[in-house]
Structures are given as C-alpha cells and as structure tokens.
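>>> A predicted structure for the sequence below; I have some questions about it.
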Amino acid sequence: MAAERSLSNRDDSQRIVVTGMGAISSLGHDLPSTWAALVESANGIRTIERFDPTGFPVTFGAEVGIEHAGPDLKGSLAMRAASEALRQSGLEGSPRVGVFLGSEADRPPLPLVAKRMHRGQTPTADEMAASAPWAPTRSLARRLGAAGHQGTVSTACTSSAQAIGEAMLRIRRGELDAALAGGVDILVDPLMVTGFAILGALSTRNDDPGAACRPFDIDRDGFVLADGAAMLSLESLAHARKRGAPVLGELLGYGCSLNAWRITDAPPDGRGAALAMNAALRDAGLSASAIDYVNAHGTSTPQNDVSEARALQTVLGSSVDHAWVSSTKSMTGHTVAACGALELLFCLLAVRDDVAPATRNLDNPDPDCALRHVAHHSVQSPIRFALSNAFGFGGNNASILVGGAP
C-alpha cells in the first residue's frame, strides 16, 4: 500500500522510467553478457595485460580490453555503453534532452608526457580538453544531438549515482523530458595502481587474483581497480508513453549525503550512508520493509564494509533478515566513477528477473557485517524493490531505489 500511495502522488510527468540500458565491463562487452556472467558468479579479475605489471605492488585488476578502441579508451567505453542504451530506447536529442555523466579526469601516460616535455613540446588545446572530466559528456551529447542541460559529476565513487540523481531531479522539475545518464572510468593504469597501493586501499593477493575481492569477508584486505561504463536512457513516464518507448523499470527514490569524517574512511557507525538510504526511501514514499535486495557499495576494505553494514542494519531495522544483500564488485572490481550506474543497472535487472546476484569469495562472513548475504551463488527470489548504494572517497554518499516497469 505504501508503494501505491507513493506512485499515485506523482503524475506521469514526474515519474522517472528507464527506457534503455547499456554497459561494458570486465565481465562482458554489453549489458546482456555482463549480466549473464554476473548471475553465474563469473570472475572478471585477472592479471593485468594492458601494461607489464612486473615490479608493481599489485599486478591484477578488472580491465576491459576492446579492439580498435584507439588512444581514447575512456571515450570508447562511454560511447559503446551509450550506443547500446540509445538503440534500445530510440531516444533522440532535442533542447529538452540532457546528458549527465559521472567521470574523473584522464591520467595521461607519464612516459609520453616526459618525452614531449624533453622535446620542448607543449600539449595542444584539443589534447588538454581530451583529458578533462567533461570530455566524454561533450562527446555523448554530440552523438545524441542533445541540446538540453549537460553536467559532469566528479565525486569519486558516487559520481555516476549522483549524475543519475541530477538527471532525475531535472526531469521531475519539468526542465527536461529525457536524459542520457551514467558513468565511465578507466582505473587499470600504472599511476592508479601505484597511487591506491600506496594508500593501502588495494588487495595484494597477487598469487590469486580471483579471490582478491571479498566484500564482507573476515579475510578481506582491499579493493580491486577496474574499468567500465554504464548508461541509462531516462524519461518521464509521460514522455516515454507518448513516443511508445519500451519501459524497463522505474527510478523511485534518490538520496545523498556527506560524511563529515575522513577522506578515505567512512564513520564507524555508518551515519552518512544511513542518511542517504533513508532519504531515498522518503523520496520514494516507501518503508525499509519494502526493500527486497540491496546492491551494496561493498568495496572489500576492512573499515568501510563494517560502516556500510552498520548503516544497513540501522536503516533496515527489523527487516534486516528480509533484504538480500550482495556486492557485485567481487566480480566486476571497483569501477569508481562508473560503479553507481553499473550497479544500478544490476538492481533493475534483479527486479526484472527476480534474482539477487552473489558476493563472490564470501567464505567467512565478518561477524561485524551481519546481513542477509547472497554468498557464492545468485539466489532466485521475488524482488519488487531494490536499493543501489554508492559511497565514495571524500565522504560522498548516494542511494537510488528502483522498481519494475509501471
């Protein structure tokens, strides 16, 4: 009843539906292959091939390798995911269509930069622009022909979740009819591997990459860097129905918050994450008991997994034994700026197929992370509402609640 009241309080111009989805990850080069591998608990984490990792403190990651990608791998991944979503939705650009992307600045290859500097050469304007976080947003807008609002969000691990939330709010307020929203990131590169290893944030299981990412497990020792992109075509329900577009699911609630804590760590009690989840529930007009599945941020870092688990325990309360919980980063690795969008797609497919994907490598659940875990193998179970969490460096938190097609 709570859900019915919530949906009836918004007219069709304020309800946000998904009409297209696209993704590319270490598990597959499109969304169907990625989802099929995820449901089978496949492993996308392996020894790095993009560069020689010999001598690096970490020698593995979850990389995406595509042929003929050219020098702009990030742009190629974003465009492939966007093209898949747009083919499905049939969405076309107009002054009432926007583009919102979660993305981080590119990291130019250091040997190339040093070589050019040695020759006394300076980067061109185009080269400088290509490394900006907004460069993929501009390219996607041109591909779509979108003349509406364009925005790039760069808030680490919450980037794409907040980009999608911004698109939701713009459509609800009547500023846009539709939007292409999502995220992209390339993390398997020498600078990122070195930097995160120095922070002590990465798993160092070089002898067994497939077992490296183990969210909520007592033996977890850090996360795994990954590549990926995920895009959604979003529209008001009224706009989708007017043009006869396929409706694949609905974005019901969005919430975000900020931890006044540390740059890399979440507060032990999980209060910031709880604020975001409760805000998403209020926005949707649902109680916590309605949540059937949570795709946790679950990075496999010792402190942050405990923080999120405590936040979930607080938010779910007496329903903590009802909602299935898993972290799909155990298979895809951590795509950082893209993870919010990628894992939101997994929530929409979980609702569509009534299946909760698993947390791989969850051999010995941490007693401090007591939840209804989906361990090792996916679970077939009725899922009406699913919650996607994205909690990032800098204390940013975002949660999005989804349901099936109206």
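All right, it came through fine.
>>> buried ones in the helix ranked longest in the chain?
Taking DSSP state H as the criterion, the chain has its longest helix at helix 73-89. Neighbour counts over helix 73-89 (16 or more other C-beta atoms under 10 Å) mark 73-86, 88-89 as buried. (C-beta placed from N, C-alpha, C; glycine too.)
>>> Nearest to residue 167 among those?
Set against residue 167, the nearest of the buried residues of helix 73-89 by C-beta to C-beta is residue 85 (12.6 Å).
>>> okay, and for the chain, where does confidence drop off?
1-8, 67-70, 105-118, 120-132, 262-264 (pLDDT under 70).
>>> Please repeat the previous calculation with a cut-off of 90.
The chain contains residues with pLDDT under 90 at 1-10, 65-73, 104-136, 138-139, 143, 199, 259-269, 392-395, 406.
>>> sorry, back to before: which strands and helices sit next to the longest helix of the chain?
Here helix 73-89 touches strand 16-24, helix 135-144, strand 178-186, strand 227-236, going by 3 or more C-beta pairs under 8 Å, 6 or more residues apart in numbering; DSSP states H and E.
>>> Which parts of the stretch 251-400 of the chain are strands?
293-295, 324-326, 355-356, 372-373, 379-380, 385-391, 396-403 (DSSP state E, counting those that start in this stretch).
>>> Within its sheet, name the partner strands of the fourth one and how each one runs.
Listed by DSSP bridges, the sheet partners of strand 372-373 and their directions read strand 324-326 (parallel).
>>> go on, the third one?
With DSSP bridges as the test, strand 355-356 is paired with strand 379-380 (antiparallel).
>>> What separation is there between residue 135 and residue 168?
Per C-beta to C-beta, to the nearest Å, residue 135 is found 24 Å from residue 168.
>>> Wait, a strand at residue 10?
No. Counting by DSSP: H, G, I helix; E, B strand; the rest coil, residue 10 is not part of a strand but coil.
>>> ok so, going back, tabulate the strands of the stretch 251-400 of the chain (a markdown table), appending mean neighbour count.
Listed next are the strands of the stretch 251-400 of the chain as a markdown table, based on neighbours: other C-beta atoms under 10 Å:
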| stretch | mean neighbour count |
| --- | --- |
| strand 293-295 | 29 |
| strand 324-326 | 27 |
| strand 355-356 | 24 |
| strand 372-373 | 20 |
| strand 379-380 | 14 |
| strand 385-391 | 29 |
| strand 396-403 | 28 |
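>>> Tell me which of those strands lies nearest to residue 276.
strand 396-403 (3.9 Å).
>>> picking up where we left off before, mind listing residues that contact the longest helix of the chain?
Residues from elsewhere that reach helix 73-89 (C-beta atoms under 8 Å, 6 or more residues apart in numbering): 19-24, 29-31, 64, 66, 69-70, 101, 103, 106, 130, 135-136, 139-140, 143-144, 180, 182, 184-186, 227-233, 235, 245-246, 248.
>>> quick one: it to strand 227-236, angle?
30 degrees (axes from the mean of the first three to the mean of the last three C-alpha atoms, to 10 degrees).
>>> Could you identify the helix or strand that succeeds helix 73-89?
As assigned by DSSP states H and E, the chain's next helix or strand after helix 73-89 is strand 97-102.
>>> dump the residue contacts of the residue nearest to residue 270 when sequence neighbours are not counted.
Leaving out its chain neighbours, the residue that sits closest to residue 270 by C-beta to C-beta, 6 or more residues apart in numbering is residue 311, at 2.9 Å. By C-beta under 8 Å, 6+ apart, the contact set of residue 311 is 269, 270, 271, 272, 273, 274, 277.
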